[in-house]
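Chemist: would you be able to build a 3D model of this:
(one chain, ligands or ions: 1)
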Amino acid sequence: MSDGSSFYITTPIFYVNDVPHIGHAYTEVAADVLARWHRQSGEDAWLLTGTDEHGQKILRTATANGVTPKEWADRLVETAWKPLLKTVDIKNDDFIRTTDERHEVNAQKFLQHLFDAGHIYTGEYEGFYCVGCEEYKQPSDLIDGVGEYAGQQVCAIHSIPCELLHEKNYFFRMSTFGDQLLALYEENPNFVQPESARNEVISFVKQGLSDLSISRSSFDWGIKVPWDDSHVVYVWFDALLNYITAAGYGHDDEKFSRLWPATHVVGKDILRFHAVIWPAMLLAAGIEVPRQVFGHGWLLVGGEKMSKSKLTGIAPSQITDTFGSDAFRYYFMRAISFGQDGSFSWEDLSARYQSELANGFGNLASRVIAMIVRYCDGEIPVGGDFSEADELIRGTEKRVTDAATLAISHLAIHEAIAAIWELVDDLNGYITAQEPWALAKDPANRARLEAVLVTAVRGLGTLAVLLSPVVPQATAKLWTALGGTGLVTDQRIDRAWEWSGGPRVFPLEALFPRIEATVG
Ligand code: MSP
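Modeler: Predicted structure coming up:
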C-alpha cells in the first residue's frame, strides 16, 4: 500500500558484546513504532537495525573466551541480538552486521573515495582511549576514580581507567567541515532534534572541530584500510557507514537512491557521532546528509543510566515474560517523553498496565463486544437513532487521528499515544453515560441502543488502527474480533476513523489479562 514516498529509519547498531537490556530495547521499540506508523501511512518505510562487531573490546572478550572474534560475534547475534527483536516484536526490514561482506567491501569503497579526494592524511596521535566507549577522550571527559581505581582518572561513562595510546594513524580532515555543519544546523533546524540536542551539538561545533583519527594499527580486528592493510578502520567510522552500506551504497544504486537519506534514532550518548562526525563524512564524500538525527534520553533505574557495566541492566524478557511485548512497548512509549530521560519502575509499569491497558482499553473492547453478542446476537448494527453524543465520538476519532499524525511527524510518540487515549477515555465515558444495558431493557429504545453500539464498535475499530504500531498483538486480535477485513496493519492510519464496521463480531479473549504475581 506504498504511495512511493520513502521513510528510511535506523537504530544504532549495538555492540555485539553487550548483554541486551531495556535501554537497547527502548531504542528498538521507538524506531519500530515510527516505522510501523509510516508503513501504515502508505509510505515505503524501511527499518534497519544490526550489530557493531569490530573493535578492541570484542577482540579482547573473544580471546578471553577462547574463540575467534567472528565466532564470538556469530554466537551473540544468534543467541542475544536477534532474539531481542522477537522479545519486543520488532518488524525490521534488514539486519546489518559490520562483518557482512556487503558492509566491509562498500565501507572500503567509501574510505578509498575519501582518500583519493584528499580528505585523509597520515599523522601521529597520543591520547587517552576508553575501550568501553571505543573513543579517545579529552581530559575534560575524565573524572576521579573511586574504589580500586582511586587516585586514577577514569572514563565518566564506564568508570574504568583509560589507556594512554600513541599511534601512527590516518586522519580525516573533519576540522574543515565546521562551517558547513553550522550552516546545515542553521538552515535545517530539524536536522538535529530535540531542541536540547540541537543546542548541544551547535555549541560543540562552534568550539572548533579537530581532525579525527580513523585507523588503528595495534590490533587487527576490523576492516582493513584499503591502501594500507597494516591498519584497520576506527570502529566508529566503520559502524556509521552501516547506514549506507545496508541501503545499497556502492552496490545497489537504485535501492540507495530510493532509501537514502535516513532518519537516525539514537541515544543522546552517541549524538555527536551521528550529528557531527557522520554528516561531515557524508559531506566529504558528496553524499546527501541524513534527513534527521533524533537523540532520545536515557532510561534511568534508581536514578542512574542503566547500563551493563553499572549492574543495573534489566533484560527485556524479565518484563515481557510477565506483561507481554505489547505492554513493554506501550509503557516505555507512553510513560517517557521521547527525547527526555525517564525513570523505569516496576510499580509504575504495573499501575499503568492495570489502569490504562487492562481497565481502560482491554475492558472497553471486551464490554462492547460482549454487548453486541448479548443484545444483537453478534451482528453489528448498521445504523440507528444517532444523537449529538454519537457525533461527538465521531468528532473525537477524527481529531485524535489528526493530532496523533501531527505528533508522529515530529517524533513525539508519547504525545501521539496521549492523543489516542483521549478516545479510549471518551468511549468509556460515553458508554457509562449512554447505559446501553438500560436501553436494552425496553424494545422501544432499540434504535437508540443500535446507534450506541455501532458508535462504540466504530470507535474500537479506530483505536485498533491507531494503536496497531504500538500494541501490534492486541490490535490484531481486536481487529479479528471486530470482523475487520484484511490485516489491521494494512489499514491507513491517517484515515483510521473511516472504518465503518464489519458484519459481525467474534469472541475476544482478554487483551491484557490480570496479572496476579508480584514482580520486581
Ligand atoms: N555501537 C554503538 C553504536 C553505533 S551506531 C553507528 C553503540 N552501541 S551500544 O550498544 O552501546 O548502544 C546503542 C544504543 O543503546 C544507545 O545509543 C542508546 O540508543 C541505547 N541505550 C543504551 N543504554 C541506554 C539507556 N540506559 N537508556 C536508553 N537508551 C540506551 O553505542
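Chemist: most remote residue from the chain's center?
Modeler: Relative to the mean C-alpha coordinate of the chain, counting by Cα atoms, centre = their mean, the farthest residue is residue 444 (52.3 Å).
Chemist: report pLDDT for the closest residue to residue 73 other than its chain neighbours.
Modeler: Using Cβ to Cβ, 6 or more residues apart in numbering and skipping residues adjacent in sequence, the residue nearest residue 73 is residue 53, 4.3 Å away. Quick note: C-beta positions are derived from backbone N, CA and C, even for glycine. In this prediction, residue 53 carries a pLDDT score of 97.
Chemist: go on, residue 520?
Modeler: Residue 520 is given a pLDDT of 45.
Chemist: circling back to that earlier point, let me see the contact set for the residue nearest to residue 73.
Modeler: Contact analysis of residue 53 by Cβ atoms under 8 Å, 6 or more residues apart in numbering lists 16, 69-70, 73, 97-99.
Chemist: which of the residues you listed has the most neighbours?
Modeler: Of all these, the most densely surrounded is residue 16 (27 neighbours; neighbours counted as other Cβ atoms under 10 Å).
Chemist: that one contacts residue 77, correct?
Modeler: Yes. Assessed by Cβ atoms under 8 Å, residue 16 is found in contact with residue 77 at 6.3 Å.
Chemist: joint contacts of those two?
Modeler: 51, 97.
Chemist: in strands only, show me the contacts of residue 53.
Modeler: residue 97 (DSSP state E).
Chemist: give me the residues contacting stretch 25-34.
Modeler: Here stretch 25-34 has contacts from 9-12, 47, 49, 84-85, 87-92, 263, 265-267, 296, 299, 316, 328-329, 332-333, 336, 338, 408, 411, 413, 469-470, using Cβ under 8 Å, 6+ apart.
Chemist: again, only this time at 7 Å
Modeler: If you take Cβ atoms under 7 Å, 6 or more residues apart in numbering as the criterion, stretch 25-34 is touched by 9-12, 47, 49, 84-85, 88, 90-91, 265, 267, 296, 299, 316, 329, 332-333, 338, 408, 411, 413, 469-470.
Chemist: from these, which land in strands?
Modeler: 9-10, 47, 49, 265, 267, 296, 299.
Chemist: how about JSON lines for those, with pLDDT added?
Modeler: Below are the ones in strands among the contacts of stretch 25-34 laid out as JSON lines (pLDDT from 0 to 100):
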{"residue": "9", "pLDDT": "98"}
{"residue": "10", "pLDDT": "98"}
{"residue": "47", "pLDDT": "98"}
{"residue": "49", "pLDDT": "98"}
{"residue": "265", "pLDDT": "98"}
{"residue": "267", "pLDDT": "97"}
{"residue": "296", "pLDDT": "98"}
{"residue": "299", "pLDDT": "93"}
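Chemist: list just the nearest of these to residue 119.
Modeler: Within these, the smallest distance to residue 119 is 23.8 Å, found for residue 10 (Cβ to Cβ).
Chemist: tell me the contacts of the closest one?
Modeler: 31, 48, 243, 262, 264-265.
Chemist: identify the farthest-apart pair in the residues you listed.
Modeler: Of all pairs in the contacts of residue 10, the most separated under Cβ to Cβ is 31 and 243 at 12.3 Å.
Chemist: ok, for residue 260, nearest residue in space, not its chain neighbours?
Modeler: residue 247 (5.5 Å).
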